[in-house]
Structure formats: structure tokens, C-alpha cells
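> just to be clear, the model below is a prediction. Sequence and coordinates:
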Amino acid sequence: MPVAHTAAKTPVRRRFRCRRISHPRRMSRLTACERVERLRSPGIWPDKTRSVRVIETHLSWVFLTSRFAWKMKKPVRHAGSDLRALGARERDCRREFALNRRLAPRVYLAVVPLTLDRAGALAVNGSGRVVDWLVQMRRLPASRMLDCALAAHTLGPEDWHAVAATLAAFYDARPRLAIDAAQYRRNLGDLIDANERDLCDPALQQDARAVAALCDSQRDALAQLQPCLERRVRDGRIVEGHGDLRPEHVCLVKPIQIIDCLTQSKVLRTVDCVDEIAFLALECERVGAGQAGRILLREWRRASGDRPEAALVHFYQSLRAAVRARLAALHLREKAYRGSPRWIERTHCYLLLARLHLKRCRRSLTARAGTLV
């Protein structure tokens, strides 16, 4: 079975193309695409696999062998970083390895070189010249990934308790960040601005008035939540977290393993603990498991002792739903997905959730104001 995070990745938006060259190459040099073709051969891999499955994502190739998944970065430049140089790809692999070891030490095993000898033989962790780098990961059982367990209705109370306890321990062990409340609020405001800017682009086929109204209401809620956010910062609730805590990234083995954290941006990994929990609950709700999301939030409160205001939880869920709506809608800029029903429906679903949770946030804020009169 494939590593769950590779199977759940967004389909590739554009194929990686090798640069054509007109002169003969020496045997000791291979293009990235030629390396991929060589790596399809089972004999190259050290675990003596009988077959190799290759999954291509927007930024990587993942090679699935019998026991492991091996990720090789594409030599491309994108918004987060420039991976065209070999050294840059090594640094990116090592950053991904270090960050993911925090929550999945049994999955992320090593960063190993891909080598090429003088005869042109490619090897994993060989003795030739290093031509690329691979992140070696242990494969996980797909049936124990949280998204699959939700679909199969196989989750028990002990599973939610284990997830909540794992995350509570993780956040408690994170060093408290030197961030002030004003900067944290600006980060949240920047997300709202980015959502409005992109979702109002006519190419994304959204109702610009409705998007602007949603974002204005979120800014208003952000302003009303200022005292609450200041307390969260003061209480050390803002940490460098996972950054992309979705069900397809949580494996219900013992101990819980949580994979595929956001590696490219520390700013986007700088989150309130309950923001991440609320996002995971939101993703459960999106796939029709709203009760499961509520159980997760309840178990989180028990495991962590954290008692965030309901208005704050709903604000975070509204904001994260809008972010996911933007990311879904951005597919519509790509030629391959223009007019795609999948991404149009996904965007619509997230925007509905963003409005629903904003309504609940405002209701909670109104109720709180009434108790203070």
C-alpha cells in the first residue's frame, strides 16, 4: 500500500519537462527525467523490491517500493524556494526530514544520496558522485489513515483520545515563539487579504461581492477577538506547529504518526495550537464527519487543559476554510483544470463552511457581549 500522504496529494498541475540539449552527454551525466526512468527499475532499490510505483506531485517524485517510500525533489523554482541546484535540494530534503521527525519519527528514516559512478551506474546511497538526494520513509497502512478510517466508520473514542493526546504533548514540547500579539494578528490579517485578492480574481469564477463581504466580516471578527488573541499569545499558545493538519496526514498506528507537515514557510507553521485542532475538525466536517470533529475538540480540551473561546474556534475554522477555498480555486487558473467541476465544487464547499463558521463566531461574540452588559 502506498504511503498515505503520497496517495492524497493534489494531482500534478503541470508535467515536469526535461531541458533538451543538442550535444552528446557523457555517460556520467543524467537529466532529472532520465534519473526517474532509471529509478523505475526494482534492481536499483536496496530493499529488494519486486516492483516500483512512481507518483508525481507538483514538486516531487515519490518511488514506492515494497517497504519504503523515497521522495526526490524536482529541480524547479517555485514560490517557496529555488530547488534547481543540487545543494538546495539537499537542504530541502534535510529540512523536510527534520520537521517531520517531530511528529513521525518512525516514518521519516533518513536522507540518502543518489549516486552515479564513472560507468553511468545509478545507485541509492552508493559510492559514486552524488547527483541527487532522497528522503527515505517507511510506508504506512492506508486503512489506518484518518481519512480512510472516517470513510469506513471504524474510529473509536480511543482513536480520538490518542490523536488529541499526541498533539497536546507535541504542542507542549514546542518552544514558545518570540512573537507579539500585533504581529500574530497581522499574520492572520494577511491571510484574509490573500484570500480576498485571489478569490476576487475573475479567472477563478467566484462571486466577488460575496467574497469581499465574507472577508470584511472576518476582519471585523478579528478586531473583536483582539483581547482573546492577546491572551493566547501571552499564554504561550502560539507555536511552530504542523501547518497542514488534515486527516490524510494522520496515521492511527501506535504511537500515532502525523506526516507531511508544511515545510516551505515558518510563518504559515506559526499557529495557535487550537487553530490546528480546529482545522482538523473542519476537515472532518467537510467529509461529512462533523460529529467526529466535535469529539476531537472535546478530547483536545481534556488532553491539553486548553479552554479556548467558542468564538475563536469558529473564527479559525472560518479563516482556514477560506484559505482552503482559495487553494482549491487556484487550480482553475491552470489550463488542465479550467472549468473543472471537482475544483469548482471543492471551492464552493469550503466557502459554505467559511460562512457557516463565521456566522457561529459572530453569534458567540454577540452572546459574550450580552453577558458583559
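Okay, I see it. Everything numeric here is computed off the predicted structure, so don't read it as measured data.

> which stretches of the stretch 101-250 of the chain form strands?
108-116, 122-124, 129-138, 238-240, 250-251 (DSSP state E, counting those that start in this stretch).

> which stretch among these comes nearest A208?
Judged by CB to CB, the one of the strands of the stretch 101-250 of the chain that comes nearest to A208 is strand 238-240, at 32.3 Å. From N, CA and C alone the C-beta is placed, and that goes for glycine too.

> pull out the buried positions in stretch 30-40.
Within stretch 30-40, the residues scored as buried using 16 or more other CB atoms under 10 Å are L30, A32, R35, V36, R38, L39.

> now it, how far from the centre of its chain.
Mean C-alpha position of stretch 30-40 versus that of the full chain (CA atoms, centre = their mean, to the nearest Å) differs by 27 Å.

> tell me the mean pLDDT over that stretch?
What stretch 30-40 shows for mean pLDDT is 92.

> per-domain residue ranges of this structure.
4-140, 146-372 (automatic domain parsing).

> return the member of these having the minimum mean pLDDT.
Among those, domain 4-140 scores lowest, with a mean of 85.

> ok, back up a step: for the domains of the chain, which one ends up most surrounded?
Of those, the one with the most neighbours on average (mean count of other CB atoms under 10 Å) is domain 146-372, at a mean of 18.

> could I get the phi/psi values of L64?
Here is the backbone geometry of L64 (degrees, to the nearest 10): phi -100, psi 120.

> now it. Nearest residue, chain neighbours left out?
Ranked by CB to CB, 6 or more residues apart in numbering and with sequence neighbours excluded, the top spatial neighbour of L64 is R53, at 4.2 Å.

> okay, the one you found and P75: tell me how far apart.
Going from R53 to P75 by CB to CB, to the nearest Å gives 22 Å.

> list the contacts of C228.
C228 makes contacts with E309, A311, L312, as judged by CB atoms under 8 Å, 6 or more residues apart in numbering.

> 6 Å instead, please
E309, L312 (CB atoms under 6 Å, 6 or more residues apart in numbering).

> same check, this time on E90
Residues in contact with E90 (CB under 6 Å, 6+ apart) are W133.

> can you tell me the SS state at it?
Classification of E90 by DSSP: H, G, I helix; E, B strand; the rest coil places it in helix.

> the one 3 residues further on too?
Secondary structure of C93, reduced to three states by three-state DSSP: helix.

> surely it is in contact with Q136?
No: applying CB atoms under 6 Å, one finds C93 not in contact with Q136, separated by 9.8 Å.

> bridging residues for the residue nearest to L140 when sequence neighbours are not counted?
In this structure, L140 finds its nearest non-sequential neighbour in C251, 4.8 Å apart by CB to CB, 6+ apart. Counting by DSSP bridges, C251 is bridged to M145, Q257.

> so who does C251 touch?
Applying CB under 6 Å, 6+ apart, the residues contacting C251 are L140, R144, M145, Q257.

> go with 8 Å
A4, A104, V107, L140, P141, R144, M145, L146, Q257, I258, I259.

> before we move on, what about L155?
Contact analysis of L155 by CB under 8 Å, 6+ apart lists L146, A149, L252, A292.

> for the third one, list the residues it contacts.
Spelled out, that is L252. R144, M145, L146, A149, L155, D159, A162, V163.

> pull the most distant pair out of these.
M145 and A162 (14.0 Å).

> centre of the chain to stretch 83-99, how far?
The answer for stretch 83-99 is 17 Å, by CA atoms, centre = their mean.

> what residues does stretch 157-165 touch?
So stretch 157-165 is contacted by 146, 149, 250, 252, 254-256, 277, 292, 295-296, 299-300, 302-304 (CB under 8 Å, 6+ apart).

> what's the answer for stretch 91-104, then?
Stretch 91-104 is contacted by residues 71, 73, 81, 83, 107-108, 110-111, 133-135, 166, 170, 242, 251, 257-261, 263 when judged by CB under 8 Å, 6+ apart.

> once you drop chain neighbours, what's closest to C284?
Per CB to CB, 6+ apart, closest to C284 is G293, 3.9 Å.

> S127 contacts P113, correct?
No: in this structure, S127 is not within contact of P113 by CB atoms under 8 Å, at 9.7 Å.

> OK, contacts around the residue positioned nearest the centre of the chain?
Nearest to the geometric centre of the chain sits D244, at 3.2 Å (CA atoms, centre = their mean). Neighbour list for D244: D260, C261, L262 [criterion: CB under 8 Å, 6+ apart].

> reformat those residues into a markdown table and put distance to N195 next to each item.
Listed next are the contacts of D244 as a markdown table, based on distance: CB to CB, whole Å:
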| residue | distance to N195 |
| --- | --- |
| D260 | 23 |
| C261 | 22 |
| L262 | 17 |
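
> restricted to helices, list those residues.
Among the contacts of D244, none falls in helices (DSSP state H).

> which one of these is nearest G189?
Nearest to G189 among these, with distances taken as CB to CB, is L262, at 19.5 Å.
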